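Asks: Next comes the sequence, and after it the predicted model I'd like to discuss.
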Amino acid sequence: MKDTELQKAVLQFFYEHRRDRERPEPNRFGSGESAEDLLRICDQLSEKGLIDWNRARDSMGRTLAGHARITAAGVENVESQRETARSPASIADGKRIMPAFVRKLKAGTPEPTKAILDYILDKGIAHGKWPPTQSVHRDFGKEEVKKQLRGLDSRYVIERDGSDGHFYELRLLGFICSSRGDLCVMLLWEYLEYLRDRFYQGHDIRTIEHSEIQRVLDLNSENVALLGRVILSGFPFAGGSYQPDFSSWTFTTPPEVDDLPRTGDLEENFEKWIFDSRFLKPVRLVLLDDWQQASSVESVASTDEEEGEYVNEDNLQKPESASVGPWTSGSFYVIAFVVIVGEFFYAATKVGWWVVPIVAITGILSISVIGALQLRHDDRLKDESFLKLMTTTLRQLVLIRQRTRK
């Protein structure tokens, strides 16, 4: 770490413990710097008048140990740097420059889409609840609204089904891409700075009151209410309560706060808190009908995948044949049986009882052949089984004929 960076870190340490005298011990920084380096940095800060440095020296004038407290000049130095870094970026040519990911996000939002986002936000603020879908469709046209919102996802805006019907709710990225986006980013950035400062100063920040935020960040009532809305829209928090108009709110500090760096720029963390927020997941389609339809298709696909199935001509269930005859697979066989019995009696009276067994066996085999043909017609009998059955039947008929000749 360079000396300038280490000076900032050490001075920030004394700022956070400005009520007490502290020793610059390496294990309290976690930067891997040696005790000698920290003592040397304290000497430098003392020469600049930024800390009140009580030190012990050896005969050679080298610093051996010491303890310090930040001076008024040191406090002013830290707080002035915080004010410079508090905004999402620096001031250049009189204009506030947003982080690159915010500029890219806003540039990718078409003006017609931004107009709809502004409308939803304005109605939400004015009425203390999100606008019904029909009011948005009435003012912009249903097809136009669907066209614009289908270019987004649920991180921007989401259609919900409430007790009073469907409504559109603005989400975190929707706030950022609206006309109030720059203000929302600034408020979130200052809020993130506040969380870091309070966390590393050892304050109890398990709960965060809107009144405390308003006082520390010097916000008016309108902006503190807007900040509450933006936090609830998807910025990390761990629960809380609020009034419908966000005139008062209380949030619990999110566990992600201990991932913030003690010092330095917060742009990387800020971007992560926005895009990786667990409150914006799972990402889904904006429109409720589109989401339900997609969920239904995904459910069927996932079920088929879990069962190891896929849809093609081979595993589609084939409908049963409509022509199941003969004579609907029943009446023909009854009549055939009656005819055979009649032949028994006729043969017995005209020819002799010795012919009856031959006629009976021949009739039964004939009915079997007809039945096998019917099964084959209905695709209920495979070719191989059909051929075996026919071969066996014909052999029996040949044997009967040979016996008759004898």
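Replies: Thanks, I have the structure now.

Asks: For the stretch 1-150 of the chain, which segments count as strands?
Replies: Applying DSSP state E, counting those that start in this stretch to the stretch 1-150 of the chain gives strands spanning 51-57, 63-70, 91-92, 95-96.

Asks: Between those, which one is closest to residue 12.
Replies: Closest approach to residue 12 among the strands of the stretch 1-150 of the chain is made by strand 63-70 (9.4 Å; Cβ to Cβ). C-beta: built from backbone N, CA, C; applies to glycine.

Asks: and the closest one, what other elements does it pack with?
Replies: helix 3-16, helix 35-47, strand 51-57 (3 or more Cβ pairs under 8 Å, 6 or more residues apart in numbering; DSSP states H and E).

Asks: nearest to residue 295, of those?
Replies: helix 3-16 (48.7 Å).

Asks: ok and the closest one relative to helix 35-47, angle-wise?
Replies: 80 degrees (axes from the mean of the first three to the mean of the last three Cα atoms, to 10 degrees).

Asks: quick one: buried residues of helix 3-16?
Replies: Judged by neighbour count using 16 or more other Cβ atoms under 10 Å, the buried positions of helix 3-16 are 6-16.

Asks: what's the answer for stretch 70-81, then?
Replies: Counting neighbours by 16+ other Cβ under 10 Å, stretch 70-81 gives 70-71, 74, 77-78 as buried.

Asks: got it, and stretch 266-279?
Replies: Applying 16+ other Cβ under 10 Å to stretch 266-279 flags 266-267, 269-270, 273-274, 277 as buried.

Asks: Low-confidence regions, the stretch 201-350 of the chain specifically.
Replies: Residue ranges of the stretch 201-350 of the chain with pLDDT under 70: 238, 297-334, 336-338, 340-341, 343-350.

Asks: And the strands in it?
Replies: Going by DSSP E, counting those that start in this stretch, the stretch 201-350 of the chain shows strands at 207-209, 240-242, 249-252.

Asks: on that earlier part again, ranked by average pLDDT, which of the strands of the stretch 1-150 of the chain falls at the bottom?
Replies: Mean pLDDT is lowest for strand 91-92 out of the strands of the stretch 1-150 of the chain, coming in at a mean of 34.

Asks: Now do the closest residue to residue 135 other than its chain neighbours: how many residues are near it, please.
Replies: Spatial nearest neighbour of residue 135, excluding adjacent residues (Cβ to Cβ, 6 or more residues apart in numbering): residue 123 at 7.2 Å. Neighbour count of residue 123, defined by other Cβ atoms under 10 Å: 20.

Asks: Same question for residue 145.
Replies: Neighbours around residue 145, by other Cβ under 10 Å: 23.

Asks: got it, and residue 176?
Replies: Residues near residue 176, counting by other Cβ under 10 Å: 25.

Asks: returning to what we had before: and the helices and strands packed on strand 63-70: which comes nearest residue 64?
Replies: strand 51-57 (4.9 Å).

Asks: Show me the protein divided up by domain.
Replies: Residue ranges for the domains of the chain, per automatic domain parsing: 3-78, 101-299, 327-405.

Asks: So residue 24 sits against residue 68, correct?
Replies: Yes. If you go by Cβ atoms under 8 Å, residue 24 and residue 68 touch, sitting 7.2 Å apart.

Asks: Common neighbours of those two, please.
Replies: Common neighbours of residue 24 and residue 68, using Cβ atoms under 8 Å, 6 or more residues apart in numbering, are residue 42.

Asks: which residue sits closest to residue 78 in space, ignoring its chain neighbours?
Replies: residue 15 is the one closest to residue 78 (Cβ to Cβ, 6+ apart), at 4.4 Å.

Asks: ugh, typo on my part, it should be residue 214
Replies: Residue 214 sits nearest to residue 224 (Cβ to Cβ, 6+ apart), 4.5 Å away.

Asks: now swap in residue 240 and tell me
Replies: residue 251 (3.7 Å).

Asks: Am I right that that neighbour is in contact with residue 212?
Replies: No. Using Cβ under 8 Å, residue 251 makes no contact with residue 212, being 10.9 Å away.

Asks: Between the two, which is the more surrounded one?
Replies: Counting neighbours by other Cβ under 10 Å for residue 251 and for residue 212 shows that residue 251 has the greater number, 22 against 14.

Asks: Now do the same contact list for that one.
Replies: Here residue 251 is in contact with 207-208, 228, 231, 237-240 (criterion: Cβ under 8 Å, 6+ apart).

Asks: Assign a three-state SS to residue 168, would you?
Replies: strand (DSSP: H, G, I helix; E, B strand; the rest coil).

Asks: Distance-wise, check the closest residue to residue 73 other than its chain neighbours relative to residue 76.
Replies: Excluding the flanking residues, the one nearest residue 73 by Cβ to Cβ, 6+ apart is residue 49, at 5.1 Å. According to Cβ to Cβ, to the nearest Å, residue 49 and residue 76 sit 11 Å apart.

Asks: before we move on, what about residue 11?
Replies: Counting by Cβ to Cβ, the gap from residue 11 to residue 76 is 11 Å.

Asks: Residue 102 too?
Replies: 30 Å.

Asks: Please apply the same query to residue 225.
Replies: Between residue 225 and residue 76 the distance, using Cβ to Cβ, works out to 32 Å.

Asks: cool, and residue 103?
Replies: Taking Cβ to Cβ, one finds residue 103 at 32 Å from residue 76.

Asks: With residue 204 instead?
Replies: Look at residue 204 and residue 76: by Cβ to Cβ, they are 27 Å apart.

Asks: circling back to that earlier point, make TSV from the buried residues of stretch 70-81 and add distance to residue 281 to it.
Replies: TSV is the format used below for those (distance: Cβ to Cβ, whole Å):
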residue	distance to residue 281
70	42
71	47
74	43
77	41
78	37
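
Asks: Inside helices: which ones of those residues?
Replies: Within these, residues falling in helices by DSSP state H are 74, 77-78.

Asks: Closest one to residue 293 out of those, please.
Replies: residue 78 (55.3 Å).

Asks: which ones are touching the closest one?
Replies: Contact analysis of residue 78 by Cβ under 8 Å, 6+ apart lists 11-12, 15, 70.

Asks: Taking those, tell me the two that lie furthest apart.
Replies: Longest span within these, Cβ to Cβ: 12 and 70, 9.4 Å.
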